[in-house]
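Student: Fold the stuff below for me.
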Amino acid sequence: QVQLVESGGGLVQPGGSLRLSCAASGSIFSINNMGWYRRAPGKQRELVAAITSGGSTNYADSVKGRFTISRDNVKNTVYLQMNSLKPEDTAAYYCNAAGTYYSGSRRGRFDSWGQGTQVTVSS
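Tutor: All right, here's what the predicted structure looks like:
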């Protein structure tokens, strides 16, 4: 129904920056919330940042002031600009999107996840 494809992860030195992108495709009628989560080795998945269709944002305390989430509603794409990266930001980052899909004349709800992209912060 709806697929998410992430890009932009990689290896960066402490203090550096990366920009993640996540594009949604498929039978999309509308997307409400989009967000980024991460899972570090040995830890539970946590919300990093989220954004509503109207542009309201929410951030984890650990990334406030360093990360910025944004979205392009025409391209069905969400971005995560990560600045001043720290080693503790090292994790697999996952994109999530929730909204309504269409199938012929029918509509239904979707809650989709991307495959994940690795971010490693190390000198």
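Student: For the chain, just list every one of the strands.
Tutor: For the chain, the strands defined by DSSP state E occupy 2-7, 10-12, 18-26, 28-39, 46-51, 57-59, 67-72, 77-82, 91-103, 106-113, 117-121.
Student: what bridges to Trp71?
Tutor: Actually, residue 71 is Arg rather than Trp. For Arg71, the beta-bridge partners are Val78 (DSSP bridges).
Student: Tell me how many other residues crowd it.
Tutor: 22 (other C-beta atoms under 10 Å). For every residue, glycine as well, the C-beta is placed using N, CA and C.
Student: Please give me every residue in contact with it.
Tutor: Residues in contact with Arg71 (C-beta atoms under 8 Å, 6 or more residues apart in numbering) are 34, 51, 55, 77-79.
Student: Please repeat the previous calculation with a cut-off of 6 Å.
Tutor: By C-beta atoms under 6 Å, 6 or more residues apart in numbering, the contact list for Arg71 reads 34, 51, 78.
Student: from the residues you listed, which single one is nearest Gly16?
Tutor: Closest approach to Gly16 among these (C-beta to C-beta): Val78, at 21.2 Å.
Student: what number of residues lie near that closest one?
Tutor: Neighbour count of Val78, defined by other C-beta under 10 Å: 29.
Student: In contact with it, which residues?
Tutor: Counting by C-beta under 6 Å, 6+ apart, Val78 has contacts 22, 34, 71.
Student: Need the winner for burial among the strands of the chain.
Tutor: Burial of the strands of the chain is given as mean neighbour count (mean count of other C-beta atoms under 10 Å); strand 77-82 ranks first at a mean of 22.
Student: How about residues contacting stretch 42-59?
Tutor: By C-beta under 6 Å, 6+ apart, stretch 42-59 touches 32-39, 60, 63, 67, 69, 71.
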